[in-house]
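Enquirer: got a predicted structure plus its sequence, pasted below:
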Amino acid sequence: MTLPLRIVVADDEADTREYLVRVLPRFGHEVVGVAADGDALLALCDAAEPDLVVTDRVMPGLSGEEAVERLWGRRPVPVVMISAFDRSERLDEVCPETTRLVHLAKPFGGEDLAAAIEDASGMTASTG
C-alpha cells in the first residue's frame, strides 16, 4: 500500500473521472482536483501542487500528454498516463530523471490502478 497521496485526475470522459474520484479514496488517497482537459489539469496542478497526477493521454484541446510535458517544465511530478490507445514514447523521452511515468491501458480495474500508483509514486506494495 502506498502512503496517502494528494492526486489530481483528468479525463474527458465523465464516467472515468467519476470512477477515479470514487476509487482513489478507497486506496487512502485524496483527490485534490478533477479536470476534463489539459488546460484545467495544468491550472489545478499549479494551485494544488499534487503528489501525483492520473490523466488520460488524449483529450480535446490541450491533451493530457501535452499538459504533462508542460507540467514537468514547471515541476516534476509522478504521472499515471491512462489511454485506450498505444503507449506514447514521446513522454518517456522527456520524463524528468527525478520523477516517474507509468502507462495504464484502458479499460482498467482498481487493482491495476493501485499497482500503477504504487509504481509511479516509487512505493512498493507491502505483503502481509
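Expert: Done, it's in.
Enquirer: could you give the bridge partners of the residue most central in space within the chain?
Expert: By Cα atoms, centre = their mean, the chain has its centre lying nearest to V54, at 1.5 Å. Bridge pairing for V54 (DSSP bridges) gives the partners V9, V80.
Enquirer: my guess is it contacts S83. True?
Expert: No - V54 is not in contact with S83 according to Cβ atoms under 8 Å; the separation is 11.7 Å. Every C-beta, even on glycine, is put in place using the N, C-alpha and C of the backbone.
Enquirer: returning to what we had before: report the contact partners of the residue nearest to the centre of the chain.
Expert: Listed by Cβ atoms under 8 Å, 6 or more residues apart in numbering, the contact set of V54 reads I7, V8, V9, A10, L20, L24, V79, V80, I82, L113, I117.
Enquirer: ok, those vs E97, which is closest?
Expert: Closest approach between the contacts of V54 and E97, by Cβ to Cβ: V79, at 14.2 Å.
Enquirer: what does the stretch of helix or strand D119 belongs to rub up against?
Expert: Per DSSP states H and E: D119 is located in helix 110-121. The contact list for helix 110-121 (Cβ under 8 Å, 6+ apart) reads 1-3, 5, 7, 20, 23-24, 26-27, 29, 51-52, 54, 78-80, 100-102, 104, 108, 124-125.
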